[in-house]
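Undergrad: Give me a model of this one.
(one chain, ligands or ions: 1)
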Amino acid sequence: MKDIHNIVILTGAGISAESGIPVFRSETGLWEEHRVEDVATYEGFLRDRTLVHNFYNGMRRKLSGVKPNEAHKALTRLQNEWKNGKVSIITQNIDNLHEAAGSIDVIHMHGELMKVSCEKCHRVFDWDRDSSVDTVCPSCGRKAIRPHIVWFGETPYDMDMIYALLSEVDLFISIGTSGVVYPAAGFARLAKGRGAFNIEFNLEQSATAGYFDTGIYGKAGTTLPEFVDALIRHGDLSFLNESK
Ligand code: APR
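TA: Predicted structure coming up:
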């Protein structure tokens, strides 16, 4: 097994599930009583801006009582204690639980619930309160505020940075994502192409399990801290062979 320097981590809704945030693709999924087309597309926003503002207002309010779990904390520990290279976290999640756990430079490719942006001047603002059609942009003064969320059909943020990270990755770890939403679902294949060792953490095999060298199945809040502990102690993945 080759030496590990740079580690790239991709997280999805499953890492926040044990904090009490429901995942998307489940019977009681995050979209709640709404159709995805209504609350997660720009067309939906054009049809009913108030509905969309209120949908994200509701999610933002709920987030204030939510705490990071052991899986988020394990990634922070890995960032702090991994000395052989860089540990980069890319998340599809719009919650702020990686930051709440102390992780740094987290790439939120699908946007952030605790931010809004202006459709006119394109500035982005930290936002911990409600927004509405009447909210005035703090920068240009126009009523053009929208949730800072990447909706279906829109381009995820920071893709150049993400592709650069994937071009120098030695260990790619995917946690709690079903692997059905692109481009994130394609990262494992890119990492493999670069020669990385790929590991997925999930309750079950994801749709892209074929691109992973191994899978660790169970709740990430339990499996991830054990894995991170072993990875830091060994400095490589030799412990995976030992435990077989
Ligand atoms: N530990 C590990 N994995 C878990 C846990 C857990 N405790 N709980 C659930 N999972 C797994 C599920 O098995 C599932 O594969 O997390 C995954 C969650 O999948 P999705 O709900 O599809 O979430 P995600 O992959 O993040 O969705 C991707 O789709 O709707 C869009 O923009 C939204 O960012 C989101 C994107």
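
Undergrad: Give me the buried positions along the helix or strand hosting Ala188.
TA: Per DSSP states H and E: Ala188 is located in helix 187-193. Neighbour counts over helix 187-193 (16 or more other C-beta atoms under 10 Å) mark Phe187, Ala188, Leu190, Ala191, Lys192 as buried. C-betas here are computed from N, CA, C, even on glycine.

Undergrad: for stretch 44-56, same thing?
TA: Residues of stretch 44-56 classed as buried under the neighbour-count rule (16+ other C-beta under 10 Å) are Gly44, Phe45, Val52, His53, Phe55, Tyr56.

Undergrad: Quick one: residues contacting Arg146.
TA: For Arg146, the residues meeting the contact criterion (C-beta atoms under 8 Å, 6 or more residues apart in numbering) are Phe45, Val52, Val116, Ser117, Cys118, Glu119, Ser131.

Undergrad: so of those residues, which ones are in strands?
TA: Cross-referencing these with the strands (criterion: DSSP state E) gives Val116, Ser117, Cys118 as the overlap.

Undergrad: From Trp127, how far out is the second one?
TA: By that I understand Ser117. 9 Å (C-beta to C-beta, to the nearest Å).

Undergrad: Now for these two: what residues contact both?
TA: His148.

Undergrad: Can you give me the distance of the closest residue to Thr177 other than its chain neighbours to Thr222?
TA: In space, Thr177 comes closest to Gly12 once its chain neighbours are excluded; the distance is 2.7 Å by C-beta to C-beta, 6 or more residues apart in numbering. Distance check for Gly12 against Thr222: by C-beta to C-beta, it reads 17 Å.

Undergrad: more crowded one of the two?
TA: When Gly12 is set against Thr222 and neighbours are counted by other C-beta atoms under 10 Å, the residue ahead is Gly12, at 26 against 13.

Undergrad: Quick check on that one: phi, psi?
TA: With angles defined as degrees, to the nearest 10, Gly12 shows backbone torsions of phi -130, psi -170.

Undergrad: ok, now Ile145?
TA: phi -80, psi 140.

Undergrad: Near the ligand, which residues of this structure are found?
TA: The interface of the chain toward the ligand, taken as C-beta under 6 Å from any ligand atom, is made up of 12-14, 17-18, 23-25, 92, 110, 176-178, 181, 201-204, 206, 219-220.

Undergrad: Could you find the closest non-adjacent residue to the residue in the chain that the ligand sits nearest to?
TA: The shortest separation between the chain and the ligand is 2.2 Å, found at Gly14 (distances taken as C-beta to the nearest ligand atom). In this structure, Gly14 finds its nearest non-sequential neighbour in Gly176, 2.1 Å apart by C-beta to C-beta, 6+ apart.

Undergrad: can I assume His72 is in contact with Ala17?
TA: No. Counting by C-beta atoms under 8 Å, His72 stays clear of Ala17, with 11.4 Å between them.

Undergrad: Looking at these two, which is more packed in?
TA: For His72 and Ala17, the more surrounded residue by other C-beta under 10 Å is His72, and the numbers stand at 29 against 19.
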